[in-house]
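> just need the structure, nothing else, for what follows:
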Amino acid sequence: MKTLRLPLPAITAVACILCANALVACPYSIRDSAFIGRGSSVPFRLVFLSSSGTPGNDKLGEAVKAASAAWLRDSNVVARIVELDGPEKDEVPNEIQARYSDNSLLPTAILISPAGETLELGQLDISDKPLDAIMAVMEPVVESSLRRGLQEKLVRHWCVIVFVPGTDEKRNAAALTDIETAAKAIVGKKTELNKSITTAPHILVLDPAKPGEKIVLWSLGLTPGEGEKERPVRTLALAGRGETRGPTLEGENVNSEKMSELLEMLGRSCSCTTSPVWLIGKAIPLTWSDEIRSMATLQLGFDPLDPEVLRSIKGEKKKPRELGGFEEFELGYSEIAIEPIPVTEDAPAGEGSDGPEADAITAAGKTGEARPTGSTEGSPATVMLIALGTMLTVVLVTGFAILRRGRGS
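Modelled structure (predicted):
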């Protein structure tokens, strides 16, 4: 009986090809992608509209700068002063310029989302205590009862499920039961990257009638329609730095099957999604302190601001189309290209110009506080080298054994 002899070079070549295919895949899950970087590459903009003739305009700059240092540092929101009779007026849409062309309506505050949507926050009185007036506007932009402690929940749990009740109480109860069932069922399952899901998603109820959460509702596209008599139940998943991953489920789509599919999809490799929209979601205005970053680094096993991590995940993320429903997030595989982006060599990890702190006018200044360094334990390059070395060693030993057996026969 003849023994099949496979030349060692051929075995090694095949193994190297297999290794290469494995190593080029994104080493992070869709859930992980929401932690990496500083959140959305385009921050929220809190714009203070004014003009050179607005009473108190000369005090506005210092007040905005001081308030930003107190409220917006380590957040995904930057503050801007836009004088409508100045060259920077084109930073706001033409309809906003026209609406506030009357100087008696100034100063006023407007929040602009990363997608360019606007939320008018009202006129300010800065004649007496401008700093107090600015602080009163900034606080609810990044703080609310729902967001208090949300950062820790996003780190410790698989995700945070935001449940928005509709007007049908019976449907609300059934939908919430289905969500709880799916949340419990995900625990113990393995992700595509062979990691166990050890904690269930945390469920938060967001009352659409609660005025204190209007900014969260607006940023997630959940603001109730004016005079709305009937409203369907809705739910979505928040991950990482407060970004959605996957679609907003609505009405009959809020069931245990769809919710389970969504939660499982968060564990897929970020290079094997059906569409880049899985990597780019809506964001909520949220702070992210150094303490939270350290907590996330420990939980994830890598520093989400490490330049190597940024290179492996960030690339050409095309602007997502308007999402109409769950059908646009078909659950299956299709490879997408994640091209590396250049990282400034002389900038420390996390201190590049990509993010809210790059804003030049009124973003809070940096204090020079030390940031946690990245763990090499989770470095993709280190993991890849170890994996490649191990696999090649196994291949060489196996090939040598096959050759010896072949000679012996």
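> surely residue 184 is in a helix?
Yes - checked against DSSP: H, G, I helix; E, B strand; the rest coil, residue 184 lies within a helix.
> quick one, phi/psi of the nearest residue to it once chain neighbours are set aside?
Spatial nearest neighbour of residue 184, excluding adjacent residues (C-beta to C-beta, 6 or more residues apart in numbering): residue 200 at 5.9 Å. For glycine as for every other residue, the C-beta is placed from the backbone atoms N, C-alpha and C. Per-residue torsions, residue 200: phi -70, psi 150 (degrees, to the nearest 10).
> quick check: residue 200 touching residue 188?
No - assessed by C-beta atoms under 8 Å, residue 200 is found out of contact with residue 188, at 9.8 Å.
> flag the shaky bits of this protein, pLDDT-wise.
Flagging of the chain using pLDDT under 70 yields the residue ranges 1-25, 39-41, 272-275, 314-409.
> where along the protein do the strands fall?
44-50, 77-83, 108-112, 118-123, 160-164, 202-205, 234-239, 243-244, 249-250 (DSSP state E).
> for those strands, which one sits closest to residue 57?
The closest of those to residue 57 is strand 44-50. By C-beta to C-beta, the value is 5.0 Å.
> give the pairing partners of the closest one; include direction for each.
strand 77-83 (parallel), strand 108-112 (antiparallel) (DSSP bridges).
> on that earlier part again, dump the residue contacts of the residue nearest to residue 184.
157-158, 183-184, 186-187 (C-beta atoms under 8 Å, 6 or more residues apart in numbering).
> at 10 Å instead, please
Residues in contact with residue 200 (C-beta atoms under 10 Å, 6 or more residues apart in numbering) are 157-159, 161, 180, 182-188, 263.
> coming back round to it: format the strands paired with strand 44-50 as a markdown table; extra columns: distance to residue 277.
As requested, these are exported to a markdown table (distance: least, C-beta to C-beta, whole Å):
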| stretch | distance to residue 277 |
| --- | --- |
| strand 77-83 | 23 |
| strand 108-112 | 21 |
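> out of those, which gets nearest to residue 290?
strand 77-83 (17.5 Å).
> CA atoms of that closest one as PDB?
Extracted in PDB, the C-alpha atoms of strand 77-83 (Å, rounded to 0.1, in the frame of the first residue of the first chain):
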ATOM      1  CA  VAL A  77     -19.700  67.400  21.900                       C
ATOM      2  CA  VAL A  78     -17.900  70.600  21.000                       C
ATOM      3  CA  ALA A  79     -19.100  74.100  21.500                       C
ATOM      4  CA  ARG A  80     -18.900  76.800  18.800                       C
ATOM      5  CA  ILE A  81     -19.800  80.500  18.600                       C
ATOM      6  CA  VAL A  82     -21.100  81.500  15.200                       C
ATOM      7  CA  GLU A  83     -21.700  85.100  14.500                       C
END
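> give the buried residues for it.
For strand 77-83, the neighbour count (16 or more other C-beta atoms under 10 Å) marks 77-83 as buried.
> try stretch 70-77
71-77.
> now the two most distant members of those.
Among the buried residues of stretch 70-77, 71 and 76 lie farthest apart (C-beta to C-beta), at 12.4 Å.
> what residues are shared contacts of the two?
142, 287.
> for residue 116, give its distance to residue 171.
According to C-beta to C-beta, to the nearest Å, residue 116 and residue 171 sit 33 Å apart.
> look at these two and report which has more neighbours.
The neighbour comparison of residue 116 against residue 171 (other C-beta atoms under 10 Å) goes to residue 171, with 16 against 9.
> hang on, isn't the more buried one packed against residue 250?
No - counting by C-beta atoms under 10 Å, residue 171 does not reach residue 250; the two are 11.3 Å apart.
> overlap in contacts, those two.
Applying C-beta under 10 Å, 6+ apart, one finds that residue 171 and residue 250 are jointly contacted by 232-233.
> ok, back up a step: from the buried residues of stretch 70-77, which land in helices?
Cross-referencing the buried residues of stretch 70-77 against helices under DSSP state H gives residue 71.
> out of the buried residues of stretch 70-77, who's nearest residue 243?
Nearest to residue 243 among those: residue 76, at 9.3 Å, using C-beta to C-beta.
> stretch 282-301: end-to-end distance?
25 Å (C-alpha to C-alpha, to the nearest Å).
> in that stretch, what counts as buried?
When burial is assessed from 16+ other C-beta under 10 Å, stretch 282-301 yields the following buried residues: 282-288, 292-293, 295-297, 300.
> ok, now stretch 106-118?
For stretch 106-118, a neighbour-count test (16+ other C-beta under 10 Å) marks 106-114, 118 as buried.
> my guess is residue 38 contacts residue 74. True?
Yes - if you go by C-beta under 10 Å, residue 38 and residue 74 touch, sitting 9.4 Å apart.
> in contact with the nearest residue to residue 221 once chain neighbours are set aside, which residues?
Distances taken as C-beta to C-beta, 6+ apart put residue 282 closest to residue 221, at 6.3 Å, once the chain neighbours are dropped. By C-beta under 10 Å, 6+ apart, residue 282 lies in contact with 40, 113-115, 117, 219-222, 236, 238, 242-245, 248, 320, 323.
> show me where this structure has helices.
Using DSSP H, the helices of the chain run over residues 8-24, 30-33, 57-71, 94-99, 130-142, 150-156, 169-185, 214-219, 256-265, 290-300, 307-313, 380-408.
> just checking, what packs against the shortest one?
Yep, that's helix 30-33 we're talking about. strand 234-239, helix 256-265, helix 290-300, helix 307-313 (3 or more C-beta pairs under 10 Å, 6 or more residues apart in numbering; DSSP states H and E).
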